[in-house]
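Asks: My questions are about this predicted structure, shown below with the sequence.
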Amino acid sequence: FLGGVLVGVTLGVVWTPCVGPILASVTTLALSGQVTGFAFAATLAYALGVAAPMLAVMLGGRRLLHRPALLGRLGGLQQVFGAGLVVFAVGMVFGVDRQVQTLLVERLPALQ
């Protein structure tokens, strides 16, 4: 149970900057009493957009974890992915993610 709670908190922290604008607009409309068809549609689209990838990850992960080749290596895989998350988190603290984004925007051709 605690592991699930920690994963949920982690996902919330990672996704909050991404969903902030839409979540803020939906919350503002709801708090101001202006619950219109548009506000409902935006909330529904947001909920489906968040739920669909999570469902796919859950179902795909369940299938992958039940393969005999992976069953004996789960501890090592968890450590590798945990270390990867730590590396990415430290990179985000020091702004490496923004530097990579800037580099990609400058180097990749614009789509027109």
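Replies: Nice, I can see it.
Asks: so how far is Leu74 from Leu48?
Replies: Separation of Leu48 from Leu74 (CB to CB, to the nearest Å) stands at 31 Å. Quick note: C-beta positions are derived from backbone N, CA and C, even for glycine.
Asks: Name the helix or strand for the residue lying closest to Ile22 once chain neighbours are set aside, please.
Replies: Closest residue to Ile22 apart from its sequence neighbours, by CB to CB, 6 or more residues apart in numbering: Tyr46 at 5.5 Å. Assessed by DSSP states H and E, Tyr46 sits inside helix 37-65.
Asks: rewinding a little: quick one: the residue nearest to Ile22 and Arg107, what's the gap?
Replies: Tyr46 is 32 Å from Arg107, where distance means CB to CB.
Asks: and these two? which has more neighbours close in?
Replies: Ranked by neighbour count (other CB atoms under 10 Å), Tyr46 and Arg107 place Tyr46 first, with 15 against 7.
Asks: what separates that one from Leu104, distance-wise?
Replies: To Leu104, Tyr46 is 26 Å away according to CB to CB.
Asks: Then Leu29?
Replies: 34 Å.
Asks: quick one: which of these two has more around it?
Replies: Neighbour count, other CB under 10 Å: between Leu29 and Leu104, Leu29 has more, with 17 against 9.
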